[in-house]
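>>> sequence and computational prediction follow.
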Amino acid sequence: MSSLMTFTQREPLTEHEALDYVQSLGYHSLAFDDSHDVDEELHWHEFNSVAIVVSGSGSFADETGAVTQVQPGCMVTADAGWLHRTLAGTQTRVVLGSNMPFNEWSHPINKPPVA
């Protein structure tokens, strides 16, 4: 199960600017630190999302193993079902927008690939 993902590099935004941008899309927003010492397992989410890196750096891989480096100003827009994993060494501050309220997400948030 994989879906569409779009990656863009834009001018870096402050956390406040990124939160305002996500809210302008009609998405629910939150900011969090994304820190990984080991590679995540490949997974997907049940919601459409936009993630904006406001500080730090790191990388993620898609289901084919293609690696994308991230830094401030990177934006990932993804449909629900997009398979990905954050890789070890990632230390970022991220603003995340979701088309579902956070309290409606089912758990675990990271869903395993469907065989």
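That came in fine, so what should we check first?

>>> what's opposite W44 in the beta bridge?
K111 (DSSP bridges).

>>> list the residues that contact L96.
Contacts of L96 were listed using C-beta atoms under 8 Å, 6 or more residues apart in numbering, and they are 22, 29-32, 49-51. (Each C-beta comes from the backbone N, C-alpha and C, glycine too.)

>>> what's the closest of those to T6?
V50 (9.3 Å; C-beta to C-beta).

>>> circling back: narrow the contacts of L96 to just the buried residues.
22, 29, 49-51 (16 or more other C-beta atoms under 10 Å).

>>> where's stretch 5-15 relative to the chain centroid, distance-wise?
Put simply, stretch 5-15 sits 11 Å off its chain's centre (C-alpha atoms, centre = their mean, to the nearest Å).

>>> so which of the contacts of L96 belong to strands?
29-32, 49-51 (DSSP state E).

>>> next, the buried residues of whichever strand or helix holds E17.
Using DSSP states H and E, E17 maps to helix 15-24. Residues of helix 15-24 classed as buried by neighbour count (16+ other C-beta under 10 Å): 18-19, 21-22.

>>> distance to H36 and pLDDT for these - can I get that in CSV?
Below are the buried residues of helix 15-24 laid out as CSV (distance: C-beta to C-beta, whole Å; pLDDT from 0 to 100):
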residue, distance to H36, pLDDT
A18, 20, 98
L19, 23, 98
Y21, 25, 97
V22, 22, 97
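
>>> okay, now the unreliable bits of the protein?
1-3, 115 (pLDDT under 70).

>>> how about the most centrally placed residue in it, what does it touch?
For the chain, the residue nearest the mean C-alpha position is A51 (4.3 Å; C-alpha atoms, centre = their mean). Taking C-beta under 8 Å, 6+ apart, we find A51 in contact with 75-76, 78, 94-97.

>>> and stretch 86-105, end to end?
19 Å (C-alpha to C-alpha, to the nearest Å).

>>> what do you get for stretch 62-77?
Distance between the two ends of stretch 62-77: 13 Å, counting by C-alpha to C-alpha.
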